[in-house]
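A.B. asks: Let me see the structure of the following:
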Amino acid sequence: MSQQSFEVAFFTIGEFEGLSADDTTRTAHIDVPADCLPVAATLQSARQWLNEQHAHIDMECAAELPVRGYFSFRGANVNEGLHVESAQLVALDEGFVVRASLGNGVSVESDLIAIAW
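C.D. replies: Sure, this is the predicted structure:
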C-alpha cells in the first residue's frame with residue numbers, strides 16, 4: 001500500500017468573515033499515509049457494524065491520525081493557505097471526510113474522499 005492523495009473542496013465549521021463566503025474558493029490537498037490505510041478500513045468496518053446494531057442512531061467513527069493537509073482559501077479579500085500535520089479521519093456511509101483545526105482557529109471539514117485499501 002502507498003500513500004493516497006486527494007484534492008477536494010472543503011467548508012468551514014461555523015461562519016468566519018472572509019473565509020466562509022460563497023465567493024471564496026476553498027481547496028484541500030490531503031495526503032493519507034500508507035500506515036493509516038488499515039485504520040481507515042477498520043473505521044469503515046466499525047461504522048458498518050454499528051449501523052447494523054443500532055440503525056436508528058446516526059453515528060460516526062473517527063480517529064486522530066497523521067493525515068497531512070494543506071487548506072487554501074482564495075477570494076477577492078483572502079489568499080491564505082495553512083498546513084495541518086494531524087487531523088480526524090471520519091468514516092461515513094459514502095466514504096470519508098477529514099476534519100481539522102487550522103492554525104488560524106478555523107475548523108474545517110473536507111468533501112468526501114474515497115480511500116482504497
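A.B. asks: Dead centre of the protein: give me the residue that sits there.
C.D. replies: residue 98 (1.2 Å; CA atoms, centre = their mean).
A.B. asks: helix, strand or coil for that one?
C.D. replies: Following DSSP: H, G, I helix; E, B strand; the rest coil, the label given to residue 98 is strand.
A.B. asks: So what sits opposite it in the bridge?
C.D. replies: Beta bridges link residue 98 to residue 89 when assigned by DSSP bridges.
A.B. asks: Which residues are in contact with it?
C.D. replies: 10, 28, 30, 67, 69, 87-90, 109-110, 113 (CB atoms under 8 Å, 6 or more residues apart in numbering). Quick note: C-beta positions are derived from backbone N, CA and C, even for glycine.
A.B. asks: just those residues now: which is nearest residue 42?
C.D. replies: Comparing the contacts of residue 98 against residue 42 with CB to CB places residue 89 closest, at 10.7 Å.
A.B. asks: wait, doesn't that closest one sit right on residue 63?
C.D. replies: Yes. The pair residue 89 / residue 63 is scored as a contact, 5.7 Å apart, by CB atoms under 8 Å.
A.B. asks: Have a look at those two and say which one is more surrounded.
C.D. replies: A count of neighbours by other CB atoms under 10 Å puts residue 89 above the other of residue 89 and residue 63, at 24 against 16.
A.B. asks: could you list every residue that touches residue 101?
C.D. replies: Residue 101 makes contact with 84, 107-108, according to CB under 8 Å, 6+ apart.
A.B. asks: what about residue 40, is that helix, strand or coil?
C.D. replies: When classified by three-state DSSP, residue 40 comes out as helix.
A.B. asks: Could you check how far it is from residue 46?
C.D. replies: 11 Å (CB to CB, to the nearest Å).
A.B. asks: And residue 85, by the same measure?
C.D. replies: 25 Å.
A.B. asks: the more surrounded of the two?
C.D. replies: Using other CB under 10 Å as the criterion, residue 85 and residue 46 rank with residue 46 on top: 14 against 9.
A.B. asks: Which helix or which strand is home to the more buried one?
C.D. replies: Here residue 46 sits within helix 37-53, counting by DSSP states H and E.
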